[in-house]
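model the structure of this input:
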Amino acid sequence: MIDDTSRGANTGQLIQVGAGALTLPALLHLPTDAHGIVLLAHGIEGSADGSHQTALAMAQVLFQEKLATLLVDLFTSQEQQLDVGTDYFRSNTSVMEQRITGIAEWLLENEPTRHLSIGYFGAGATGAAVLIAAAERPDVVAAVVSAGGTLEQTQEYLPRVLAPVLLIAAQLDTQAVTLSQAALTSFTKEKQFEQVMGRALFETKESVNSIAQLASEWFNKHLVIIA
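Purely as a prediction, here's the structure:
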């Protein structure tokens, strides 16, 4: 349910979403004429300083392109604290995949998002988790964008991804480019690979805007209003 204290659509609404057995706080940006909704999922990597500002900047670009977004930290504050000493959660794509799928199911069952098809966006380990989630539950996702995903964790899952997939890597990150090009051959459905300038993703405002624009074009092409 939407919190009564939620803010306006352009700045986002604070809501609580189901993620399997958990309920997690999230920020929903919902244009009145949204074409679809993008789950912007954060893992532990996504909790570093500045990353939430990056996600908000991406959400604003997607909002302007008539795409709804849901920003969610996949791990609770207690889990993030435990990870500091154990590194247990940050690369745990199994836990992330289950929560991503749970959130997608919640979006399809609840107002005001049930009429929107769903896209997944993830980076790093979360970029791997969104691909695994798409393979494990192809019925709940309509498109995927993985930016700098740790694709070495996903090889066995890629042939089972039915949703159209866009992979993004930094042009000067030769390892990420090589992994993305290799992964592309494993997909059996629609796929595309794009590169953005620089040695790392999200390192400048320009690269964030480039990634957001590529993602918005991909999602606008594949996400629709569900009758």
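
assign a three-state SS to V61, would you?
Here V61 is recorded as helix under DSSP: H, G, I helix; E, B strand; the rest coil.

how about it, what does it touch?
Residues in contact with V61, defined by C-beta atoms under 8 Å, 6 or more residues apart in numbering, are 209, 212-213, 216. Where you see a C-beta, it was placed from the backbone N, CA and C, and this is true even at glycine.

mind checking which of the residues you listed are in helices?
Cross-referencing the contacts of V61 against helices under DSSP state H gives 209, 212-213, 216.

circling back: P138: which of the contacts of V61 is nearest?
Relative to P138, the closest of the contacts of V61 is S216; by C-beta to C-beta it sits at 22.6 Å.

low pLDDT regions in the chain?
Filtered on pLDDT under 70, the chain yields the residue ranges 1-10, 45-51, 88, 227.

can you give me the strands in it?
13-19, 22-29, 37-42, 68-73, 118-123, 143-147, 165-170, 191-196 (DSSP state E).

can you name the residues that contact the nearest residue to L158 once chain neighbours are set aside?
Closest residue to L158 apart from its sequence neighbours, by C-beta to C-beta, 6 or more residues apart in numbering: S186 at 3.7 Å. Each residue near S186 by C-beta under 8 Å, 6+ apart is listed here: 155, 158-159.

roughly how far apart are S186 and S94?
As for S186, its distance to S94 is 20 Å (criterion: C-beta to C-beta, to the nearest Å).

excluding chain neighbours, what is closest to the residue nearest to the spatial centre of the chain?
Nearest to the geometric centre of the chain sits F121, at 2.1 Å (C-alpha atoms, centre = their mean). Among residues not flanking F121 along the chain, V145 sits closest, at 4.8 Å (C-beta to C-beta, 6+ apart).

burial of that neighbour, as a residue count?
30 (other C-beta atoms under 10 Å).

contact partners for it?
Taking C-beta under 8 Å, 6+ apart, one finds 119-122, 130, 165-168, 214-215, 218-219 in contact with V145.

so what's it bridging to?
F121, L166 (DSSP bridges).

what's the distance between it and L201?
Distance of V145 to L201, computed by C-beta to C-beta: 12 Å.

find residues that contact each of these two.
I168.

re the thing from before, of the ones in helices among the contacts of V61, buried ones?
Buried members of the ones in helices among the contacts of V61, scored by 16 or more other C-beta atoms under 10 Å, are 212, 216.

from the ones in helices among the contacts of V61, which single one is nearest Q78?
Nearest to Q78 among the ones in helices among the contacts of V61, with distances taken as C-beta to C-beta, is A212, at 31.0 Å.

quick check: chain neighbours aside, which residue is closest to that closest one?
The shortest distance from A212 to any non-neighbouring residue, by C-beta to C-beta, 6+ apart, is to V61 (3.7 Å).

all good on my end, thank you.
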